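Visitor: my questions concern the predicted model and sequence given below.
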Amino acid sequence: MNPALLKRLLADVARGRVSPSAAVERLRHLPFEDLGHSTLDRHRTLRQGYPEVIFCQGKSLDEIEDIAGRICAGGENLLATRASEDAYGRILGRFPNAVYHRRARAVTVERRRLRKAPGFIAVVSAGTSDGPVAEEAAVTAEIMGNTVRRYCDVGVAGLHRVIDKLPSLARARVIVVAAGMEGALPSVVGGLVGAPVIAVPTSVGYGASLGGIAALLGMLNSCVAGVTVVNIDNGFGAGYAAALINRRG
């Protein structure tokens, strides 16, 4: 349950509009709801400001539909990551305003409009092949109430491309940088701006990139202060962290 709905319910109880027993019935699934196949965290919004997110990989279509229905029934916005077309179809059948972000493999349903956090989050991809991971970060940050600006295909193989974007990047509150191969771009960006940089190594690259391990190690060994690193291909984790930083900023 989101804080606004909880405050409204408590105010209605105080005014006598809702009986204590009726309020208990509405709250009986807090702090979690056991769905049998999953345990839905109903206090996530109260603790972190955003509801639980569905990681679709490995879940059945029935499970995804059930979890999505319960989240949206509580008036919360929905984000489902690593979602297939079939998963989107199931969610769309329940919620006609569901949007499938195909490149990010994510589904969003907006049930309530969030007040936009100040400033903007920059999401930067080194190459076009890094785009899906960068887009997952962007979609995550957007559904969490942030303005996102995308900067695509500005890797170090043509350094002038990212230099051209520096005046805009310098105004960002937080920057997410997705890069594969040797993973050098976050260090370049981090050395030129004053905002926190969240580096996302991607599994893009030739054999010696080792499925993103080379980029991961390169980013972890960055000599630039202010660069932090999430796991390989974890655009969601980067977008979520950027949203939390931007909200507190």
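Guide: Noted; the coordinates are in hand.
Visitor: contacting residues around the closest residue to residue 217 other than its chain neighbours?
Guide: The shortest distance from residue 217 to any non-neighbouring residue, by Cβ to Cβ, 6 or more residues apart in numbering, is to residue 183 (7.9 Å). C-betas here are computed from N, CA, C, even on glycine. Neighbour list for residue 183: 199, 201, 214, 215, 216, 217, 218, 219 [criterion: Cβ atoms under 8 Å, 6 or more residues apart in numbering].
Visitor: now the buried members of those residues.
Guide: 199, 201, 214, 215, 216, 218, 219 (16 or more other Cβ atoms under 10 Å).
Visitor: out of those residues, the closest to residue 129 would be?
Guide: residue 215 (12.0 Å; Cβ to Cβ).
Visitor: so where does that closest one fall, helix or strand?
Guide: helix 213-220 (DSSP states H and E).
Visitor: which other helices and strands does that helix contact?
Guide: helix 185-190, strand 197-201, strand 227-229 (3 or more Cβ pairs under 8 Å, 6 or more residues apart in numbering; DSSP states H and E).
Visitor: nearest to residue 58 among those would be which one?
Guide: Across these, closest to residue 58 is strand 197-201 (Cβ to Cβ), at 21.5 Å.
Visitor: now do the helices in the chain.
Guide: When secondary structure is read from DSSP state H, the chain shows helices at 3-14, 20-27, 44-48, 61-73, 85-94, 131-143, 159-169, 185-190, 213-220, 235-248.
Visitor: ok, which of these comes nearest residue 227?
Guide: helix 185-190 (4.2 Å).
Visitor: and the contacts of the closest one?
Guide: 124, 126, 154-156, 159, 162, 169, 175, 177, 179, 197, 199, 218-219, 222-227, 229.
Visitor: low-confidence bits of the chain, can you list those?
Guide: 1-6, 9, 23-30, 32-35, 39-43, 46, 249 (pLDDT under 70).
Visitor: residue nearest the centroid of it?
Guide: Residue closest to the mean C-alpha point of the chain, counted by Cα atoms, centre = their mean, is residue 140 at 2.6 Å.
Visitor: burial of the residue lying closest to it once chain neighbours are set aside, as a residue count?
Guide: Sequence neighbours aside, residue 239 is the residue nearest to residue 140 in space, at 3.0 Å (criterion: Cβ to Cβ, 6+ apart). For residue 239, the neighbour count with other Cβ atoms under 10 Å is 35.
Visitor: give me the buried positions along stretch 163-179.
Guide: 169, 172, 173, 174, 175, 176, 177, 178, 179.
Visitor: pretty sure the residue nearest to the centre of the chain contacts residue 234?
Guide: No: using Cβ atoms under 8 Å, residue 140 is not in contact with residue 234; the gap is 10.3 Å.
Visitor: identify the contacts common to the two.
Guide: Common neighbours of residue 140 and residue 234 (Cβ under 8 Å, 6+ apart) do not exist.
Visitor: sorry, back to before: farthest-separated two in the buried ones among the contacts of residue 183?
Guide: Every pair of these checked by Cβ to Cβ; the farthest is 199 and 214, at 13.2 Å.
Visitor: how many neighbouring residues does residue 189 have?
Guide: 30.
Visitor: ok, back up a step: state the distance from the residue nearest to residue 140 to residue 145.
Guide: Plainly put, residue 239 is 12 Å away from residue 145 if you go by Cβ to Cβ, to the nearest Å.
Visitor: do residue 190 as well
Guide: 25 Å.
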